[in-house]
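> predicted model and sequence follow; I will ask about them next.
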Amino acid sequence: MKLTVVTTNPNKAREVREFFNGAVDVDYLPLECPEYRNNDVGEIAREKAKFAYEKLKRPLIVDDTGLYINALNGFPGPYAAYIQKTIGNDGIVTLMVGVSDRRAYFETAIAFANKKGIRIFKGTIHGQIVPPRGSEGFGFDPIFEWEGHTLAELPLEKKAKISHRGRALSAFKNWMQQEVKAV
């Protein structure tokens, strides 16, 4: 199967390619999709997939990710990309000064679109916000700690499997394998 990853972030495309590790022919297209607003990352991903499929007419995936920090009432939530661009990791760490509850989670929704429609697959990883560590990854990876390591401290092949995106991709892959068996 050939699958197009639609994103303007080449790091996301690299993670998807690493996740499938040659099992699926993954190509990358940096199509700019409108930034839809919704409190549910699944609905945002669905709208992006609808837009991309109407333009490209081929099997594709898009994703949307939210970072939810307990002490900040779920902020930045589905607006994580905007917050990353505006205040970045330093801004989030500054917001957390003096805060003892540092629990947070990432949630990614993968939207798969083909001629049959759109399906949503979600993945979540729980951790906590910490001062920046590590040189791998991108975005909030250096300040998100899972099981003693930030996502930026993990090798890409491990992060690709255990991350929120990896978990959403696993759900997608499991569904895809069942679909192939059903045919």
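All right, it came through fine.

> pull out the buried residues from the longest helix seen in the chain.
If you go by DSSP state H, the chain has its longest helix at helix 164-182. By 16 or more other CB atoms under 10 Å, the buried positions in helix 164-182 come out as 164-173, 176. C-beta coordinates here come from the backbone N, C-alpha and C atoms, glycine included.

> what's that helix in contact with?
If you take CB atoms under 8 Å, 6 or more residues apart in numbering as the criterion, helix 164-182 is touched by 1, 12, 15-16, 19-20, 61, 63, 65, 105-110, 112, 119, 121-125, 159-161.

> filter those residues to the buried ones?
For these, a neighbour count by 16+ other CB under 10 Å gives the buried set as 12, 15-16, 19-20, 61, 63, 65, 105-110, 112, 119, 121-123, 125, 159-161.

> now residue 139, what's its secondary structure?
Following DSSP: H, G, I helix; E, B strand; the rest coil, the label given to residue 139 is coil.

> contact partners for it?
Listed by CB under 8 Å, 6+ apart, the contact partners of residue 139 are 11, 80-81, 84.

> closest to residue 47 out of the residues you listed?
Nearest to residue 47, judged by CB to CB, of the contacts of residue 139 is residue 81 at 14.7 Å.

> noted, bye for now.
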